[in-house]
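**Q** turn this into a model:
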Amino acid sequence: MKSFLSFFTEARSSNAAETAANMGLEGDGHGNWFKKGQLFARTVNGRLEYVKKREASKKDEPKQKAQKPQEQPSQSKPKAQETDSGQSSAGGEAQSAGEFGAFGDGTPRRMPQPTRADGTPKDDLGPLTVTFGRFNPPTVGHKKLLDQAKKAAGKGALRIYPSRTQDEKKNPYDADEKVDIMKQMFPDHAENIVNDSNSKTIFDVLKQAHQDGYSSVKIVVGGDRVKEFEKLSGDYNGKLYDFSGVETVSAGKRDEDAEGVEGMSASKMRKAAADNDFKTFRTGVPDTLDDKAAKLMMNTLRKKMKIKEGWSLWEIAPKFDWKNLRENYVSGALFKLDQLVENLNTGLVGKVIRRGTSYLICVTEDNVMFKSWLRDVKEYTEVKNDNKERVKGKPNTLTGTGGYFKYASDMTPGFDKGQKTNLQDGGKPYKGVSGKDFINKYRKK
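**A** Alright, predicted model coming up:
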């Protein structure tokens, strides 16, 4: 797979990815672009070049053509004719139904079944219901979401994942703080709340569920986020994970203008905290927390948001100050091309390859393309990350970080033995490789 840096360099030098996205093409992460299951173009020397029909033969197509994202329905269950014939409706190389076995309901698997350490197949754990959200801060309105998730789960398993996103303005609480507060706020759901540092995105959650052995998944989200989660989860079923069905369930729509629980949101809570309006803030905290706890919660938010004179509402709760958010965007002060941003709903981090009127088109290091409204993203910075891996199995390739240096230096021949022939002037091995500290004079401040 291409490195994040290589992919970005290629995209910047050409617009190949942007052109492909505008044409509705699907990439395989290796420079090949497909249209309706057929090879349509390739990225060559940073440019998009179209192929002749005779070149778009079956040998150039992905091995499992039935799993192209556009061929999967929203609930990711193969059509009857695909099951009977073993061929994708879009054509391409035939794949025998049942090549990887089948789920309990007879649906053919498109990926190998997860196995234990000894190589034996894992038990089928049945259906799983998940919800993935910011909860920053948790509010009385979130109880409706969690209650709906529990109802959707029925007798099946339920997992509640607070996102790992944290920043001063829109996401002041870190994941550990959110989990502690949520367990106190929602005691009926406490045992289902998961605090997993590896579950940074909805894809992380779904891949883990697949590895654990769950056969199908329901994702419960607010009514305004159903389409976003439905498209992402359905498009990559059979590619990043494999379920007999992936369904997105709405927890209901929220009226921002309504009073009480129906109109309560984390944005209103952050605004109330910034205004030092405890009366409004208290209405967003359930009775499971008393006034003292609610007051402490508000004061903690104010401290974490670093509220001081001259604070900007569009930074704290952009949906209540859309005009100023958009003015900063149009002026070029926010979300520039090639910049890394994080989608606050899904946790996906990607590079901006297109700036729309009120949205962004982004692509991740794994070549996953996603669209985000301006109010749902934040600038992504990780310059203080000294870990060699950003997440498990993913090297830290963020320029200017100590972790990037560790990753690069470990691949330098002789570096682990203290040789300095390949180091910059004044460079020293970092502590942990040869016991010496490393001072990176080019490190970003």
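**Q** tell me the helix or strand right after the one helix or strand in the chain whose mean pLDDT sits lowest.
**A** Here the helix or strand of the chain ranked lowest by mean pLDDT, DSSP states H and E is helix 80-85, holding a mean of 35. For helix 80-85, the following helix or strand on the C-terminal side (DSSP states H and E) is strand 127-133.
**Q** other residues contacting that next one?
**A** If you take Cβ atoms under 8 Å, 6 or more residues apart in numbering as the criterion, strand 127-133 is touched by 142, 145-146, 149, 152-153, 156-163, 199, 202, 205-206, 209, 214-222, 249, 251, 345-347. Where you see a C-beta, it was placed from the backbone N, CA and C, and this is true even at glycine.
**Q** out of those residues, which are buried?
**A** Using 16 or more other Cβ atoms under 10 Å as the burial test, the contacts of strand 127-133 include 142, 145-146, 149, 152-153, 158-163, 199, 202, 205-206, 209, 214-222, 249, 251, 345-347 as buried.
**Q** narrow the residues you listed to those in helices?
**A** The helices, defined by DSSP state H, take in H142, L145, L146, A149, A152, A153, I202, V205, L206, A209 from the buried ones among the contacts of strand 127-133.
**Q** now for the residue nearest to the fourth one when sequence neighbours are not counted: which residues touch it?
**A** I take that to be A149. Of all residues not flanking A149 in the chain, V220 sits nearest, at 4.1 Å (Cβ to Cβ, 6 or more residues apart in numbering). By Cβ under 8 Å, 6+ apart, the residues touching V220 are T129, V130, T131, L145, Q148, A149, A152, T248, V249, S250, A251.
**Q** dig out what V220 forms beta bridges with.
**A** V249 (DSSP bridges).
**Q** quick check: buried residues in stretch 181-199?
**A** I181, M182, K183, M185, F186, H189, N192, I193, V194, S199.
**Q** I'd like these written out as JSON lines, with distance to K303, pLDDT and secondary structure added.
**A** JSON lines is the format used below for those (distance: Cβ to Cβ, whole Å; pLDDT from 0 to 100; DSSP: H, G, I helix; E, B strand; the rest coil):
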{"residue": "I181", "distance to K303": "15", "pLDDT": "95", "secondary structure": "helix"}
{"residue": "M182", "distance to K303": "20", "pLDDT": "96", "secondary structure": "helix"}
{"residue": "K183", "distance to K303": "22", "pLDDT": "96", "secondary structure": "helix"}
{"residue": "M185", "distance to K303": "20", "pLDDT": "96", "secondary structure": "helix"}
{"residue": "F186", "distance to K303": "24", "pLDDT": "96", "secondary structure": "coil"}
{"residue": "H189", "distance to K303": "27", "pLDDT": "97", "secondary structure": "helix"}
{"residue": "N192", "distance to K303": "30", "pLDDT": "97", "secondary structure": "helix"}
{"residue": "I193", "distance to K303": "24", "pLDDT": "97", "secondary structure": "strand"}
{"residue": "V194", "distance to K303": "27", "pLDDT": "96", "secondary structure": "coil"}
{"residue": "S199", "distance to K303": "27", "pLDDT": "94", "secondary structure": "coil"}
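**Q** you'd agree N324 is up against L313?
**A** Yes - shown here, N324 and L313 form a contact pair, counting by Cβ atoms under 8 Å, at 7.4 Å.
**Q** compare these two (neighbour count), which wins?
**A** Taking other Cβ atoms under 10 Å, N324 and L313 do not tie; L313 has more neighbours (17 against 13).
**Q** contacting residues around that one?
**A** K271, A274, F320, D321, N324.
**Q** with A274 instead?
**A** R302, M305, I307, W311, L313, I316.
**Q** if we can go back for a sec, mind picking the lowest-pLDDT entry from the contacts of L313?
**A** The lowest pLDDT within the contacts of L313 belongs to F320, with 88.
**Q** that one reaches S267, doesn't it?
**A** Yes - F320 is within contact range of S267, at 6.4 Å (criterion: Cβ under 8 Å).
**Q** neighbour-wise, which of the two wins?
**A** S267 (19 against 16).
**Q** ok, that one to P318 distance?
**A** 8 Å (Cβ to Cβ, to the nearest Å).
**Q** same check on G332?
**A** Applying Cβ to Cβ to G332 and P318 gives a distance of 17 Å.
**Q** neighbour count winner among those two?
**A** Neighbours were counted for G332 and for P318 using other Cβ under 10 Å; P318 has more, 23 against 10.
**Q** enumerate every residue touching that one.
**A** Contacts of P318 by Cβ under 8 Å, 6+ apart are K170, S267, L325, L374, R375.
**Q** now for the residues you listed, which pair is the farthest apart?
**A** S267 and L374 (14.0 Å; Cβ to Cβ).
**Q** pull the number of nearby residues for K268.
**A** Other residues close to K268 by other Cβ under 10 Å number 21.
**Q** please, where are all the helices along the protein?
**A** 4-14, 16-22, 80-85, 140-153, 175-185, 202-212, 226-235, 266-274, 278-283, 291-304, 313-316, 322-330, 402-409.
**Q** may I see the buried residues of the second one?
**A** Right, helix 16-22. For helix 16-22, by 16+ other Cβ under 10 Å, it's A16, A17, E18, T19, A20, A21.
**Q** what sits up against stretch 184-200?
**A** So stretch 184-200 is contacted by 132, 138, 142-143, 146, 150, 158-164, 175-176, 179, 182-183, 204-205, 208, 285-286, 288-289, 293, 347, 391-392 (Cβ under 8 Å, 6+ apart).
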